[in-house]
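Asker: Okay, sequence plus prediction incoming.
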2 protein chains.
Amino acid sequence: MRQIAALSLLFTLPLSQGFAQQPASKTLPGYSAADSAKELDLEKRFRTIPEAARAHENMKFLAAHPHNVGSEAQRKNAEWMVKKYKEWGWDAKIEQFDVLYPTPKSQMVEMIAPTKYRLKLEETPLAEDPYTHETKTQLPGYNIYSADGDVTGPLIYVNYGMRDDYEELERLGISVKGAIVITRYGGGWRGLKPKLAYEHGAIGCIIYSDPADDGYAQDDVLPKGPMRPPQGVQRGSVSDTPVYSGDPLTPGEGSVPGVKRLKIAESQTIMKIPVLPIGYGDAEPLLKSLDGQVVPASWRGGLPFTYHVGTGTTKVHMDLKFNWDTKPVLDVIATMKGSSAPDQWVIRGNHYDGWVNGADDPISGQAGLLEEARALGELHKQGWSPKRTLIYAAWDGEEPGLLGSTEWAEAHQKELAEHAVLYVNSDESNRGFLNASGSYQAERVINDVARDVTDPETKASVWERQRAARAVHPRRNGAKAAEGDADIIPIGALGSGSDFQAFVDHLGVTSISLGFGGEDHSGTYHSAYDTPWFIEHFGDKDALYGKALADTAGTLVMRVADADLLPYDFRDLATTVAGYSQEVKGLVKQMQQAAEARQKDIDAGYYKLAADPTKTVKLPEALPNPPDFDFSGLDAAIGKLKKAADDLKAAEDSAGELDAKKAETINLQLAMAEHKFLNPAGLPRRPWVEHVLYAPGWYTGYGAKTMPGVTEAIEDGRFDEAKQQMVIVTNAVNAEAEHLEGIVKELGAQ
Amino acid sequence: MRQIAALSLLFTLPLSQGFAQQPASKTLPGYSAADSAKELDLEKRFRTIPEAARAHENMKFLAAHPHNVGSEAQRKNAEWMVKKYKEWGWDAKIEQFDVLYPTPKSQMVEMIAPTKYRLKLEETPLAEDPYTHETKTQLPGYNIYSADGDVTGPLIYVNYGMRDDYEELERLGISVKGAIVITRYGGGWRGLKPKLAYEHGAIGCIIYSDPADDGYAQDDVLPKGPMRPPQGVQRGSVSDTPVYSGDPLTPGEGSVPGVKRLKIAESQTIMKIPVLPIGYGDAEPLLKSLDGQVVPASWRGGLPFTYHVGTGTTKVHMDLKFNWDTKPVLDVIATMKGSSAPDQWVIRGNHYDGWVNGADDPISGQAGLLEEARALGELHKQGWSPKRTLIYAAWDGEEPGLLGSTEWAEAHQKELAEHAVLYVNSDESNRGFLNASGSYQAERVINDVARDVTDPETKASVWERQRAARAVHPRRNGAKAAEGDADIIPIGALGSGSDFQAFVDHLGVTSISLGFGGEDHSGTYHSAYDTPWFIEHFGDKDALYGKALADTAGTLVMRVADADLLPYDFRDLATTVAGYSQEVKGLVKQMQQAAEARQKDIDAGYYKLAADPTKTVKLPEALPNPPDFDFSGLDAAIGKLKKAADDLKAAEDSAGELDAKKAETINLQLAMAEHKFLNPAGLPRRPWVEHVLYAPGWYTGYGAKTMPGVTEAIEDGRFDEAKQQMVIVTNAVNAEAEHLEGIVKELGAQ
């Protein structure tokens, strides 16, 4: 009852005075009234501890030197963190996994026709930035898990190298068979570029950073401004992460001594062709020499000449050789044992390996996380212990393919299946607005937490600031127009690109990934210019958002770790799944309409008549036209899920105090609810990815696909497969509903 | 009845066989069945006569030398055309008007800080193009009707220099008061750029051609490709044409000897500040030197550096002096007397003055028109005479401000008010698709004609090709999504930018403007590179669309000139006016919703919360919120107009043969129906523009505003004025309805 009163009070406040924090007297979901007050007080005390200045110092220490996987600096960082955790009162250790970690042995690219140009492939230091001068320990620009290869072929420009770009090339009558493609960063995940190039017959792939995307077109380049200079290179993994993350040789198993390892040729995630990233300084002579058809308007970049697709007269020779070594990844694992439910684990992680210095990515996040851990340790020293066990992780090897987190999750998969209550992820974090994605039963608790955390720049809550940004710039902040002033800011679906993937996609651990950003931009991503100097000149100079991250994630961890009943609200899950069903229906409808409109225009001869007869362009062909699918089973299941979620909420509200054993059973059932969305057979053609509600898209990479088995089958015209996948999703939703009704019974039965 | 049968046949043809021409046996609107067959046969014979090769030769003759107003080549061209017309059997003469035609005396622009750079202001010849070497008789790059001025000030980049750009500048906290603005071509009519700059306090204006818009970003530049080279300059008028066209010193009167002329300072259309166009070669050092805030994303051009707005450290000195001379414009006027209704005039015009050689603009159109005139002369020699009198015009002085057509229309305004039945305009015409705009009662006849003309590239009708292009690329071809497969392709509303303006806006002559284009692009507009060499390399090499223009316009002229009853269908006018009313209602609704949404977000504090506190950006303010207007009077008038149009159609269909005198009365009434939309008081603040249905927009220039008095008042927040203007439009629509019912009575009374 007090909760309702508190909410009413909130609603009656005039909006213009809405900056006030929630009244301290509210009752938190999952807590008794008395415990709520204590918890809120504790959380408040917690948030007084993290210091921005200390986060900044952490950043300067961890990003002082290049510290990629296997480097000396990385081992020093790991050992330093173990020492720090111990000082702060945590148990801490390094868990090591031995992974395939290729590094360049030699890299050469040259244009051999119509003129000669040998690419420099050098990220020259900036006079202003001392960190960039430590070139000896820097990894050169490369794409890890590229194939070895010595290839020569005609050069073809393929824009972002995504699927629609290859459709456009087909329309233009251009094949990349036997060619080396040059593609620009952006438009989709980098690993898709060589994958699609290979699928279309290319023998090599060059990825460059176009100045239109993160160079001078956006803002001044380094050292005057934050954007990528001509020689700046975006490193990055091209392992086929949508299939599985982690060591390419040990899918599904931790890379520990004795594990069975695939041969390199057997791995599904290592690229089949050589691929290399370059800066636009090196790309300019190549692109300028291309001739033939002028590119479509959306393919134009920012270099000062006309972009052409290429006819084959420009020829390139690329020769890449790698050391295919095994290297250690060093996960730092710190533990604070739970007082009353030690077998329920709240896991919190952020990686700490960088491509070079990695001051922003990932250290801006890790620097905050460490302050969060220090503050929790401080509370612990003052006498507090979480009810549940906390596991704080600094993951190594995220950059090459989420290695540290995936190997740890795979190595501990049985324990995680029994004990993991929540995984909270972060990565780099910058000035601006909170952004969260994850499991929808946790949508409300992250909203509640965000209301209690103060934004360092405006002193409003981070929730209020996030909502303002989504209202004013909906597209930029991923908001739907219909979102309006809803009291709960929707979270996003998890795709890939950070360490949550094994937890959610493979193991079904309830997960949240969060971070701040949106006010600064930069062109140093994965380059040698992502240094503490850069942060101090163009980034979150004072690590204010390092503290904000610590405040937010730490409060979330405490809120979940201390609750009597896990504060998961499945009504939001049910609403979201209903939304997914609507999206799939919309997709079918939209594809049907597009196919019919296309067919009508083909039949009317419009494409032929509208085409320029002096140009040879392939006319548009018929589009796949999906049948009407039967959604009745899915919709019925969603109806059951909605009812079960409502029932559960009612049962929780009316439940009195639970005895400890009963509470443990129920909490584990709440935690494991996400497991019902795992299909042990996995998604089609990628058995490792078991989650049927969201996954990295086969052709979107980092970007999430929701109901991926169904959606991707429809999009790709595999309509029978779509029907089969719909049954699988329907069964999962039914299973989830039954699981929740089971909890309702347990709650009622006491 | 035969017409209906014919239409049914058309509808039952499978769409894929839709290339066939209309059956020859149809009855044309305004013709008896017997006359229809004769007319269609005549028109067919007509279309066998124009030859593409002759149009090409016309182009090479007329564009052989720079031939701007007052030049020797222009007089030669005029005399040559008079001679040709006479050879073809027409009466022909030159009508001369003496107009203010300033030309550059001296032009100097230099950057004086932070570095020195004196602009070259030279369009250097191309080795490949012999025409570009005739530099002595070329006018240099300039904007005619710029003010004289010697000014020095800070340089500020204002993007396209349109109204929303100045709103953005205000948001950024930047004023152009006392500054020289540099603005790029595009985004709106050039004359608005210095006008808006002046209104915002600027003391000078430089307009440059950005390579993103018509330079290397689009395609290769000359001589390799068709786009603008760095030194290419777009000349053009900056007289305030939306206020009135023609000689700036004689609004409303023909510039004939003895007419009262304004002083230059009294003219409303001459710019108040110096303005000069330059190429991107000259613009680059200026833009590169600008500092301060980085421009918004949509302001970025294609030069290879970061665009900044400027802080004042870049200073520019510009000194422009003009010879404010009076020069002759030489309109060539050819007449073929009507056989039975000589007092009804069908007027057909295309200008022939170029900024330099003007091979494309305007000679591509004039070259076709001359073939059309030759073919009509040929028919005349074979014994045919049009029922109505034909007046074929080659207008001089279009480029400086529609001088030749406006002065002629003003000089002949009394005769035009009594005799003009139709004005058919064209201008440059290129490969591609028919595009037509004009008076809506003529929408159906231009559709009918387009069905009978063969597209030279596809051999389909130009109507079928136009419809295909609009279906497949609706936005590019100005089609509405709702257009679908309608049997009538809607025509557009007339704004400004070619010689129809005085006819339609000032005198209410029923008008159509048409042309072909959409398949080629170029960056030679108004430069010294628009030459026959260019056409032969990058344009309509064989003048196929010169012939298509002659075929289309000539058929239209014949169809109207020979009809028993003018083939005007006011049902299309009524539908269109109803659409305008809907658009105004939509505008009001959309402004109300935008204002409310804005106010809500202001009240909620969202803009403040979402803003980056480290940047000083002005927060969005309240938007003008229009009241609910009373549309009942207008809607009732539109209902009356619809009924009158239906009644008229029925009366025409059931009318038997009319006696000659009655036919003359009725035809004159049909022709003069457009006059009812003239308001003798003119639009607010521009009395010369009398048409209340469409006009060039005060702040859109070439772009038409429909119901301009109402629409512009609402957009600008002058809501009382909008109400007054709504009454004026309502009265006009009522008057039109009554006028049509008057014709119905005349038809019934015989």
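Answerer: It's in. Numbering: from 1, shown residues only, chains lettered A, B, ... in the order given.
Asker: need the residues of the stretch 351-500 of chain A near chain B, please.
Answerer: Residues of the stretch 351-500 of chain A lying near chain B by C-beta under 8 Å from any C-beta of the partner chain: A:431-433, A:457-458, A:460, A:464-465, A:467-469, A:471-473, A:485. Yep, even glycine has a C-beta here, placed from its N, CA and C like the rest.
Asker: Of the residues you listed, which belong to strands?
Answerer: Assigned to strands by DSSP state E, the following of those qualify: A:G432, A:F433.
Asker: Most neighbours among the residues of the stretch 351-500 of chain A next to chain B, which one?
Answerer: Counting neighbours by other C-beta atoms under 10 Å in any protein chain shown, the top entry in these is A:R467, with 31 neighbours.
Asker: Now do the closest residue to it other than its chain neighbours, the pLDDT please.
Answerer: Excluding the flanking residues, the one nearest A:R467 by C-beta to C-beta, 6 or more residues apart in numbering or on different chains is A:I489, at 5.7 Å. Note for A:I489: predicted pLDDT of 95.
Asker: Make sure A:I489 is indeed in a helix.
Answerer: No - read with DSSP: H, G, I helix; E, B strand; the rest coil, A:I489 is coil and lies in no helix.
Asker: And it, its phi and psi?
Answerer: When read as degrees, to the nearest 10, the backbone of A:I489 gives phi -80, psi 120.
Asker: Of the residues of the stretch 351-500 of chain A next to chain B, which is the nearest to chain B?
Answerer: Taking C-beta to the nearest C-beta as the measure, chain B sits nearest to A:A468 out of these, at 3.5 Å.
Asker: Now do the contacts for the closest residue to that closest one other than its chain neighbours.
Answerer: Nearest non-adjacent residue to A:A468, counting by C-beta to C-beta, 6+ apart: B:L609, 3.5 Å away. Each residue near B:L609 by C-beta atoms under 8 Å, 6 or more residues apart in numbering or on different chains is listed here: A:T458, A:A460, A:E464, A:R465, A:A468, A:A469.
Asker: Mind doing that once more with 6 Å?
Answerer: Going by C-beta atoms under 6 Å, 6 or more residues apart in numbering or on different chains, B:L609 touches A:T458, A:A460, A:R465, A:A468.
Asker: where do the helices sit along the stretch 501-650 of chain A?
Answerer: A:501, A:532-538, A:544-561, A:570-603, A:606-610, A:632-654 (DSSP state H, counting those that start in this stretch).
Asker: looking at those, which is buried most?
Answerer: Compared across those, helix A:501 shows the largest average neighbour count, a mean of 33 (mean count of other C-beta atoms under 10 Å in any protein chain shown).
Asker: Show me what that helix is packed against.
Answerer: Here helix A:501 touches no other helix or strand, going by 3 or more C-beta pairs under 6 Å, 6 or more residues apart in numbering or on different chains; DSSP states H and E.
Asker: on that earlier part again, would you mind giving the helices of the stretch 501-650 of chain A as a markdown table with mean pLDDT added?
Answerer: As requested, the helices of the stretch 501-650 of chain A are arranged in a markdown table below (pLDDT from 0 to 100):
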| stretch | mean pLDDT |
| --- | --- |
| helix A:501 | 97 |
| helix A:532-538 | 98 |
| helix A:544-561 | 98 |
| helix A:570-603 | 97 |
| helix A:606-610 | 95 |
| helix A:632-654 | 97 |
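Asker: Can you tell me which of those is nearest to A:E415?
Answerer: The closest approach between A:E415 and any of those, judged by C-beta to C-beta, belongs to helix A:544-561 at 17.2 Å.
Asker: picking up where we left off before, export the helices of the stretch 501-650 of chain A to a markdown table and tack on distance to B:E128?
Answerer: Output for the helices of the stretch 501-650 of chain A, formatted as a markdown table (distance: least, C-beta to C-beta, whole Å):
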| stretch | distance to B:E128 |
| --- | --- |
| helix A:501 | 58 |
| helix A:532-538 | 47 |
| helix A:544-561 | 58 |
| helix A:570-603 | 40 |
| helix A:606-610 | 32 |
| helix A:632-654 | 66 |
